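Participant: 3D model of this:
(chains A and B)
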Amino acid sequence: MNGPSTADTTATSTSTTATTAIGDPWEELVTVALLGTDRRTPPGHSPGADAPIALLDAAAVQTVRRRAGLRPAPAAAPPARAADDPRPPLPAPARRRLAMLLTDRPGAGGGRRGTAPDLMELLPQWLAGANEKGYAAPTDLLPALLDAARGRTDLRPQALAFAGPRALWLARLNPDWKFALRFTPGGGTALPAPGDAADVQRLWEEGLFAERVTLLATVRAHSPAAARELLASTWSAERAEDRLMFLDSLRSGLADADEPFLEQALSDRSRNVRATAAELLSALPGSALAARMASRAASCVAVDRTQGAATITVEAPHECDAGMERDGVVAKPPTGRGERSWWLGQLVEATPLGGWTARFGGRTPEEIVALPVADDWQGELHAAWCRASVRQRDAVWSRALLGAPASPDAGGPGAVSLSERAKLLGALPDGERAEWVAGFIATHGLSEAFQLLGVCAQPWAEPLGRAVVDALNIARDAGSYPWSFSGVMGLAERCLDPAEASRLEGLTATPDEPEDAAPGAGGYWSEAFQRLVSTLRLRRAMRDELRGT
Amino acid sequence: MTQQGVRWTADQVLALAPDAPSRKAGSKLGVAGPWSEAGSSGEGMVWGLCKGSGSKPYQTVVDVADAAGPAYKCSCPSRKFPCKHALGLLLLWAGADGSVPDAQTLPDWAEQWAEGRRKRAQTKRETDAAGGTAADPEAARRRAERRAERVTAGASELEQRLADLLRGGLASAEQAGYGMWEETAARMVDAQAPGLAARVRELGAIPASGPGWPMRLLEECALLHLLDRGWLRRDLLPAGLAATVRSRIGLPSSADGRPARDRWLVLAQYDTADSRLTTRRIWLHGTESGHTALLLSYGAAGRAPALSLPVGLALDAELSGYAGDGQLRADLGEQFTAPAPSPVRPKGAGVAEAAARYGDALGRDPWLDSWPVTLSRVIPTPDEASGGWQLADAEDDLEQPNAVGATAERLAVPIAPKAASGPGLWRLAALSGGAPVTVFGECGHRGFTPLTAWPEGTGEAVALC
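Facilitator: Numbering: from 1, shown residues only, chains lettered A, B, ... in the order given. The predicted model follows:
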């Protein structure tokens, strides 16, 4: 049974694309089959017991004919080509590692137990490393990368930067990945060069909101003045919520030159725009607004030398006048707060910190913070100084307000909440920040350190890493369960320097259980330390692979 | 013992995993952390101790050099095979970062296992040499005859059922539902005709398969009828076609073709599974002969088939083909080298040529659903008209006349709906980025199922399945 040659069948049988005409033998067979040979007879056959067999015979011939004669259809228009990615390819081991990291889905591992590392948690670090080296993403892993970024918004900036132009090309074809287009305003269409004034102006006037926000940020990074002028050119015609977003872009590269524009925005129709403008101006110590706030604050806070020791006295404002409101002071306090202390807080927060030294007779910030404050105003005053330090990123004042890391939680200078401490730490240089947190952990243990660890640069500096490991070791010896420290453990897996792995080896053994220990805790600790060591080794391997060593 | 001393790639190791969770769990154990006293010998033994949750570490040992596929032993209680420890150990070994150093002597516990295996192999060789299981040819002939009678009875019964169905009309099949087909399939299993049983079971799914089902049901009924007829009149068929009918019915056959030695490039490897059995298909391309061959291997549920040949590797080996027209199935014979990465790509054809080859192959085996083809310079293209995807000839091939005739039109083959809804399609699209790629896959009446793709230029093969 030799089949007919392909050339014959293509000429004689129907093609997939051709519509079937009336009288088509195959269509007739289907009709007969649907109704049954008891009701219809196959074409060219007499009714009878063998009619079904005749139908099947004819259908078999037609089926093989139709299949053998299938012809390709005319092609649809091909998609436009994706833009080239000029970055160099990943080294092969790094590429395999990425594939492995991407197959690990969250929720599949059964929580934070066991000795194996949580690969998904390492993906952000891997992506940061790859982006730092400027590698291109392997094209066949782009779908998995986009799927991972789809499920985890925190991954998106790094993942999309690494994924490059072809990921945006893919995202236009698959609705599941639309987020990538939203994330990259304009769906990856190139922004004009920030120096190209005509193109910039056109996109600014005609672009979608998201495109305009990106454009403004790009121009701002290139030339702060040009961005300000661009914004001023259409300012009065923008909608209030857009004005707020645009104004926010001035936060980066904020300088004295921005003051006139911001001053003008202080009389904006929108209260939120006014408040943002005031906040930005108060971060400029040389601004007129800062000077106005300083003089208001100075009239409220003074040193009283009439007693034996110098004491700070506070006389909170009695009213919130129109001038204060114009400078961004919110008149109505939140429920439960007195209006006078509310106004005071805002004044001090917006006052340049540099002025207090002169106001308090040449005292340093440490000395000022150490002064007693009359009438229970200390908490209010120190809290406002904290907010001012964070806003003005003032390392000297932050240091003074933080105080010594070993100081007890209550009383004394630096009696501020953990979240305020974390913010103040942000103003200190990396090394000092790590030292301070290490000191805090050594005195106070781990239970309150989580927030503070979050603001430390990674990998953790050596003293900080040692403090954390020592504290974990102490917690183990105290006989508690490791999951009381799972937050810190998780951070340690991501942030501890991989070089610490060898020092941790000794902790992976299951210890003898002390009498008062929680049952089985030793085994769980051993498991937790094993996972920590495995993770550190894995991170070192990842780093070496990305270096191509 | 051809693979001794050659470290595998991570892909090779991961292909051994019985399922996705094992692959994941194995990956996590493929780091130095939990392992101690690991080592590998020149004879292909790899061993190590893996710290688990208990106080005593698991003892894991693998023999990667066994000709019948790797053998594993692990003291863990897992029922998965190979277990995550074996996979993790092999990954660590494949990583070649010094975590599994070469060693001369095996630890005692590993040596005991190796010794036991050596003894068993020795016993088996002696038994084979003594001809202990030599079959009685007369008894075998009688068994084959009895089976043929049962298949004939089954085929006749099936013919009767098909005739009844068409007498009443296919419209009634929609209401009859699955039960009727399941019962018929069971009858075919009783008749020892597994090929017929599988086709009957597939018939049962067609009425629920969406618009156009009566046409598809008629097609499949007609082909089933053709197979029944082929069996009942097998004496009148040419030998090649008769062999094809026998294998389609599901009768056992063996690779008795003359061994062909070639450098075989692995084009694709993929598994399909039902509740009882995992079937692995491996497509090979003879880089010297240009022949295409299919290796099949099976694993019980939960176990990966033993044979694993990841895409992009090539091996110098002998294959023996099975009898039958249009039959590409072969068995792997002697291997002369371990599989190693190869830069070779199969020679490709245009879209028109691919359709023509499937048509040709149907002439030899009318029951073929698809035929393996490599398409060169095609662009994965969304087809707005159908809502699906297609593989289209690249624009700049216009001037070259194609196989069917000199039509000056860019042609396209639709991507089979099942393949177009899977993750492989997006890997293919990502690889292409709108540029031409080379794609190996199965081309048939349902469309083209892409299995492997190569980018423009010189990049490595990417598995899509």
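Participant: tell me the average confidence for stretch B:431-441?
Facilitator: For stretch B:431-441, mean pLDDT rounds to 95.
Participant: tabulate the CA atom coordinates of that stretch in PDB.
Facilitator: The C-alpha coordinates for stretch B:431-441 follow below in PDB (Å, rounded to 0.1, in the frame of the first residue of the first chain):
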ATOM      1  CA  LEU B 431      14.600  32.700  21.900                       C
ATOM      2  CA  SER B 432      13.500  34.100  18.600                       C
ATOM      3  CA  GLY B 433      12.600  37.600  19.500                       C
ATOM      4  CA  GLY B 434      11.100  38.000  16.000                       C
ATOM      5  CA  ALA B 435      14.200  36.600  14.300                       C
ATOM      6  CA  PRO B 436      14.500  33.300  12.400                       C
ATOM      7  CA  VAL B 437      15.300  30.200  14.500                       C
ATOM      8  CA  THR B 438      15.800  26.500  13.700                       C
ATOM      9  CA  VAL B 439      13.200  24.300  15.300                       C
ATOM     10  CA  PHE B 440      13.000  20.500  15.700                       C
ATOM     11  CA  GLY B 441       9.600  19.100  16.400                       C
END
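Participant: now that stretch, how far from the chain's geometric center?
Facilitator: 22 Å (CA atoms, centre = their mean, to the nearest Å).
Participant: residues contacting stretch A:487-505, please?
Facilitator: A:112, A:117-118, A:121-122, A:125, A:446, A:449-450, A:453-454, A:456, A:458-460, A:462, A:465, A:468-469, A:472, A:482, A:528-529, A:531-533, A:535-537, A:539-540, A:543 (CB atoms under 8 Å, 6 or more residues apart in numbering or on different chains). Placement of C-beta: from N, CA and C, glycine included.
Participant: let me know the helix or strand that residue B:145 is in.
Facilitator: Using DSSP states H and E, residue B:145 sits in helix B:137-168.
Participant: mind checking the end-to-end distance for stretch B:331-344?
Facilitator: Chord length of stretch B:331-344, first to last residue, is 22 Å (CA to CA, to the nearest Å).
Participant: can you check stretch B:70-86 too?
Facilitator: Termini of stretch B:70-86 sit 10 Å apart (CA to CA).
Participant: now it: average pLDDT?
Facilitator: 85.
Participant: pLDDT weak spots in the chain?
Facilitator: Went with chain A since none was named. Residues of chain A that meet the criterion pLDDT under 70 lie in A:1-23, A:104-116, A:183-191, A:194, A:407-416, A:511-517, A:549.
Participant: not what I meant, chain B
Facilitator: Looking at chain B by pLDDT under 70, you get B:1-6, B:67-68, B:96, B:128-135, B:176-177, B:302, B:395-408.
Participant: which SSE is the residue nearest to residue A:471 when sequence neighbours are not counted in?
Facilitator: Using CB to CB, 6 or more residues apart in numbering or on different chains and skipping residues adjacent in sequence, the residue nearest residue A:471 is residue A:446, 4.6 Å away. Using DSSP H and E, residue A:446 sits in no helix or strand.
Participant: my guess is residue A:446 contacts residue A:485. True?
Facilitator: Yes: Residue A:446 lies in contact with residue A:485 (CB atoms under 8 Å); the separation is 5.8 Å.
Participant: what sits in contact with each of the two?
Facilitator: By CB under 8 Å, 6+ apart, residue A:446 and residue A:485 have these common neighbours: A:472, A:475.
Participant: need phi/psi at residue B:369.
Facilitator: phi -80, psi -30 (degrees, to the nearest 10).
Participant: so residue B:60 lies in a strand, does it not?
Facilitator: Yes: counting by DSSP: H, G, I helix; E, B strand; the rest coil, residue B:60 is found in a strand.
Participant: tally of neighbours for residue A:285?
Facilitator: By other CB atoms under 10 Å in any protein chain shown, the residues close to residue A:285 number 16.
Participant: check contacts around the residue positioned nearest the centre of chain A.
Facilitator: In chain A, the centroid-proximal residue (CA atoms, centre = their mean) is residue A:154; its distance is 4.1 Å. Contact analysis of residue A:154 by CB under 8 Å, 6+ apart lists residue A:124.
Participant: so how far is residue A:130 from it?
Facilitator: 17 Å (CB to CB, to the nearest Å).
Participant: in the stretch 101-250 of chain B, what residue is nearest chain A?
Facilitator: residue B:169 (2.8 Å; CB to the nearest CB).
Participant: ok, that residue touching residue A:51?
Facilitator: No: Residue B:169 is beyond contact range of residue A:51, at 12.0 Å (criterion: CB under 8 Å).
Participant: quick one, helices of the stretch 201-350 of chain A?
Facilitator: A:209-222, A:224-234, A:240-248, A:259-265, A:271-282, A:288-300, A:322-326, A:339-349 (DSSP state H, counting those that start in this stretch).
Participant: among these, which is nearest chain B?
Facilitator: Nearest to chain B, of all the helices of the stretch 201-350 of chain A, is helix A:209-222, at 23.7 Å by CB to the nearest CB.
Participant: quick one: which of residue B:169 and residue A:51 has more around it?
Facilitator: Applying other CB under 10 Å to residue B:169 and residue A:51 shows that residue A:51 carries more neighbours, namely 21 against 18.
Participant: just give the nearest non-adjacent residue to that one, would you?
Facilitator: residue A:37 (4.0 Å).
Participant: of the contacts of stretch A:487-505, buried ones?
Facilitator: Burial by neighbour count, judged by 16 or more other CB atoms under 10 Å in any protein chain shown, picks out A:112, A:117-118, A:121-122, A:125, A:446, A:449, A:453, A:456, A:459-460, A:465, A:468-469, A:472, A:482, A:528-529, A:531-533, A:535-537, A:539, A:543 from these.
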